[in-house]
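# what's the 3D shape of this:
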Amino acid sequence: MEENKNYNKELSTVNSQFSIERNSQLSIEKEVVIKTDKLTKRFGDFIATNEVTFDVYAGEIFGFLGANGAGKTTAMKMLCGLSTPSSGDATIAGFDIYKQTEQIKKNIGYMSQKFSLYEDLTVIENIQFFGGIYGLSNKQLKEKSNELIEKLGLQNEAKKLVGSLPLGWKQKLAFSVAVFHEPKIVFLDEPTGGVDPITRRQFWDLIYEAADRGITVFVTTHYMDEAEYCNRISIMVDGVIEALDTPANLKQKFSATSMDEVFYKLARGAKRSE
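Numbering: from 1, shown residues only. Predicted structure coming up:
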């Protein structure tokens, strides 16, 4: 147990330094790939997201946090082109959220904790199925499938049903499939739920690799240690963004020693929950 605590402490230090380095790089590049302006979604008299405004940059790892009922899922559905806003504006990878939803879907990847792979298909069948959906040619599919299987060390499992794999392997495969077509943005909805700390760290290695290739990572998580790995974090409360900054700046602003403390100070005032 003590060994595991020391390991996580070391990871936190390493990844804080990683975020500092990436933030310095992003401050120079500043290419906006997600831009929202007063984005709002109403369901009758209920306002799920209320005039949400923020920018996300190319290659940034952007944490989108909030307690249950804060409006995260509603906001993400709008950004993915799956739900039409009630008002406000947004562009995703340069495409209008109202008029160009099909172009948005072609330029993003998506991974959900609940469903990302077909468990009754083999590993290779899943890779080729999703690669085909993303429009890769047969030649690209063959080459990239072999590269991916080798990279993940799944040579012996390539013809096994995904349902037979351990959860950690499924999660890493699901993420790899989500960025198989090199999208401009990948949306990750609580991608590491239920996996052990070591596997979560390996998963974040994949996230870092994607960000280094210029893919913007938009991630929701309930693990506050993972929030420390992001370049910037937004925290939603009751449908509005109450805070948005780097982890270091947020901890300083709220006189906190961890993102757990920051999150608690903001979320404890929430009036609604799912």
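
# so where do the strands sit in the stretch 151-274 of the chain?
Counting by DSSP state E, counting those that start in this stretch, residue ranges of the strands within the stretch 151-274 of the chain are 185-189, 216-220, 232-237, 240-245.

# between those, which one is nearest to Ser112?
Within these, the stretch nearest Ser112 is strand 185-189; the backing value is 4.7 Å (Cβ to Cβ). Glycine gets a C-beta too; all of them are placed from N, C-alpha and C.

# what lies in contact with that closest one?
The contact list for strand 185-189, computed with Cβ atoms under 8 Å, 6 or more residues apart in numbering, reads 33-34, 56, 73, 76, 79-80, 92-93, 107-113, 175, 178-179, 207, 210, 215-220.

# low-confidence ranges in the chain?
Scanning the chain for pLDDT under 70 picks out the ranges 1-29, 272-274.

# to Glu157, which of the strands of the stretch 151-274 of the chain lies closest?
Glu157 lies closest, by Cβ to Cβ, to one member of these: strand 185-189, at 22.8 Å.

# just how off-centre is that closest one within its chain?
A distance of 4 Å separates the centroid of the chain from that of strand 185-189, by Cα atoms, centre = their mean, to the nearest Å.

# kindly report the same for stretch 247-261.
Computed by Cα atoms, centre = their mean, the separation of stretch 247-261 from the middle of its chain amounts to 21 Å.

# just the CA trace of that stretch, in CSV.
Taking only C-alpha atoms (Å, rounded to 0.1, in the frame of the first residue of the first chain), the coordinates of stretch 247-261 have been written out as CSV:
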residue,chain,number,x,y,z
PRO,A,247,-4.2,23.1,-12.2
ALA,A,248,-1.4,25.1,-10.5
ASN,A,249,-3.3,28.4,-10.9
LEU,A,250,-6.5,26.9,-9.6
LYS,A,251,-4.8,25.5,-6.5
GLN,A,252,-3.2,28.9,-5.8
LYS,A,253,-6.5,30.8,-6.4
PHE,A,254,-8.5,28.6,-4.0
SER,A,255,-5.6,28.1,-1.5
ALA,A,256,-5.7,24.4,-2.0
THR,A,257,-3.0,21.7,-2.0
SER,A,258,-4.8,19.4,-4.4
MET,A,259,-7.4,19.5,-7.1
ASP,A,260,-9.6,17.4,-4.7
GLU,A,261,-9.8,20.5,-2.5
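
# which other residues reach that stretch?
Counting by Cβ under 8 Å, 6+ apart, residues outside stretch 247-261 touching it are 16, 19-20, 224-225, 227-228, 230, 233, 235, 243, 245, 262, 265-266.

# repeat for stretch 91-111
In this structure, residues lying in contact with stretch 91-111 by Cβ under 8 Å, 6+ apart are 33-35, 39, 78-81, 84-85, 89-90, 116, 134-135, 174-175, 178-181, 183-189, 191, 215.

# got the buried residues for that stretch?
By 16 or more other Cβ atoms under 10 Å, the buried positions in stretch 91-111 come out as 91-93, 95, 97, 100-101, 104-111.

# helices - which of those residues land there?
Counted as lying in helices by DSSP state H, out of those, are Thr101, Ile104, Lys105, Lys106.

# the stretch 101-250 of the chain: helices as residue ranges?
In the stretch 101-250 of the chain, the segments counted as helices under DSSP state H, counting those that start in this stretch are 101-106, 123-133, 138-152, 167-178, 197-212, 224-227, 247-253.

# who does the longest one touch, helix- and strand-wise?
In other words, helix 197-212. Packing partners of helix 197-212 (3 or more Cβ pairs under 8 Å, 6 or more residues apart in numbering; DSSP states H and E): helix 2-29, strand 61-66, helix 167-178, strand 216-220.
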